[in-house]
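Participant: Pasting the sequence and the predicted model now:
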Amino acid sequence: MKLLDYSDYLNYHNQIINVSTKPYGHTFIENFFPDDRAKKLNTEFKFPDDDLECSDVTFQRTKKALNDYQKLPNEIQNLINYLNSSQFIEILEKKFGIKGLLPDPNLFGGGMHESRRGGYLKIHSDFIFIRKKNIKRRLNLLIYLNEDWDLNWGGELELWDQKMQNIFLKVPPIINHAVIFRTDTESNHGFPDPLRCPLDKSRKSIAVYYYTADNSLFKRTKYFYARWKRRPGIDEPKFGDNRSLFERIKNNFFFRLK
């Protein structure tokens with residue numbers, strides 16, 4: 001895979017990606033690329049005219065998402081090529097101690113994300129398996145592209161510990177900020193409070209996920225979905241997951257073939 005002009009950044013990322021292991025593997029990077037590169041990504045961050053609004057307003061609101069590689073702007077495609085390259089993945093494998101990481105060229109659940117005023121993403125742990133695929137999700141990589149973001153507007157990514165007792169990292173969605181963290185059944189994260197940005201501003205990010213091969217015969221179906229969490233001391237309007245009651249009951253007793 002050709003890396004184009006991003007290839008110069010491999011040595012840089014090898015130096016700046018430093019992983020903390022508690023409570024689970026994560027790293028926060030304030031300047032993921034040189035400023036000119038980040039600004040170019042921000043300039044090209046534009047959605048096509050398609051209606052891409054997410055329908056789930058209980059747990060996430062005002063969100064747009066685009067994971068069709070062919071519809072991504074050229075500079076975003078170039079970025080995805082770099083993040084999915086064997087050279088960059090080798091850095092992630094070394095830093096996080098995970099062998100055999102695989103990219104997802106289909107960007108399932110990833111790609112370009114955008115939320116506007118009033119938008120939020122409730123705290124959750126992500127899906128682990130993609131249905132009918134023999135892969136297990138292991139890492140999330142998020143890059144923010146918001147110039148002149150006022151911290152009073154909110155939108156900080158919160159990483160919570162496994163028992164939903166403490167926030168151990170907050171990441172403002174400022175341009176060129178990036179976070180990478182291990183994905184498991186309790187890697188809880190989100191920006192749960194409504195954005196307070198002006199109507200002409202938005203919270204923009206690029207999301208890329210990494211997997212390893214998993215040939216186990218049985219996978220709990222609840223791990224095909226995000227699982228939504230209640231924050232301590234806060235009266236959330238609703239929480240849980242987005243499966244039907246029948247699905248949740250069934251998952252307490254049965255496993256489904258992959």
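Facilitator: Sure, I can see it.
Participant: Wait, a helix at Tyr211?
Facilitator: No: according to DSSP: H, G, I helix; E, B strand; the rest coil, the state of Tyr211 is strand, so it is not within a helix.
Participant: Arg231 versus the nearest residue to it once chain neighbours are set aside, what's the distance?
Facilitator: Leaving aside its sequence neighbours, Tyr211 sits nearest to Ile135 (Cβ to Cβ, 6 or more residues apart in numbering; 4.0 Å). Backbone N, C-alpha and C define where each C-beta goes, glycine included. For Ile135, the distance to Arg231 equals 30 Å [Cβ to Cβ, to the nearest Å].
Participant: Which strands or helices does the strand or helix carrying His113 pack on?
Facilitator: Here His113, judged by DSSP states H and E, is contained in strand 111-115. Secondary-structure packing of strand 111-115 (3 or more Cβ pairs under 8 Å, 6 or more residues apart in numbering; DSSP states H and E): strand 64-66, strand 203-213.
Participant: Just name the most buried of the ones you listed.
Facilitator: strand 203-213 (a mean of 21; mean count of other Cβ atoms under 10 Å).
Participant: So what are the sheet partners of that one and their directions?
Facilitator: Strand pairing for strand 203-213, using DSSP bridges, gives strand 102-103 (antiparallel), strand 111-115 (antiparallel), strand 135-144 (antiparallel).
Participant: Could you tell me the phi and psi values at Gln15?
Facilitator: Dihedral pair for Gln15: phi -80, psi -40, per degrees, to the nearest 10.
Participant: Just the mean pLDDT for stretch 19-35, thanks.
Facilitator: The average pLDDT within stretch 19-35 is 95.
Participant: Can you check the distance spanned by it, start to finish?
Facilitator: Distance between the two ends of stretch 19-35: 23 Å, counting by Cα to Cα, to the nearest Å.
Participant: Which residues does that stretch contact?
Facilitator: 9, 13, 16-18, 38, 41, 95-97, 143, 159, 161-162, 168-169, 171, 176-182, 184, 186-187 (Cβ atoms under 8 Å, 6 or more residues apart in numbering).
Participant: Recalculate using a threshold of 6 Å.
Facilitator: With contact meaning Cβ atoms under 6 Å, 6 or more residues apart in numbering, stretch 19-35 is reached by 16-18, 95-96, 143, 161, 171, 176, 178-182, 187.
Participant: Reformat the strands paired with strand 203-213 as a markdown table; add mean neighbour count, mean pLDDT and distance to Glu30.
Facilitator: Output for these, formatted as a markdown table (neighbours: other Cβ atoms under 10 Å; pLDDT from 0 to 100; distance: least, Cβ to Cβ, whole Å):
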| stretch | mean neighbour count | mean pLDDT | distance to Glu30 |
| --- | --- | --- | --- |
| strand 102-103 | 18 | 95 | 25 |
| strand 111-115 | 23 | 94 | 20 |
| strand 135-144 | 22 | 94 | 11 |
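Participant: out of those strands, nearest to Leu83?
Facilitator: Of all those, it is strand 135-144 that lies closest to Leu83, at 6.4 Å by Cβ to Cβ.
Participant: got the strands paired with strand 203-213 as a markdown table, with distance to Asp235 columns?
Facilitator: Output for these, formatted as a markdown table (distance: least, Cβ to Cβ, whole Å):
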| stretch | distance to Asp235 |
| --- | --- |
| strand 102-103 | 40 |
| strand 111-115 | 22 |
| strand 135-144 | 28 |
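Participant: If we ignore the residues flanking it in sequence, what's nearest Tyr210?
Facilitator: Nearest to Tyr210 is Leu139, by Cβ to Cβ, 6+ apart, at 4.2 Å.
Participant: What of Glu147?
Facilitator: Ile175 (4.9 Å).
Participant: The closest residue in space to Tyr120 that isn't next to it in sequence in helix, strand or coil?
Facilitator: Counting by Cβ to Cβ, 6+ apart, the nearest residue to Tyr120 once its immediate chain neighbours are dropped is Pro194, at 5.1 Å. Three-state call for Pro194 (three-state DSSP): coil.
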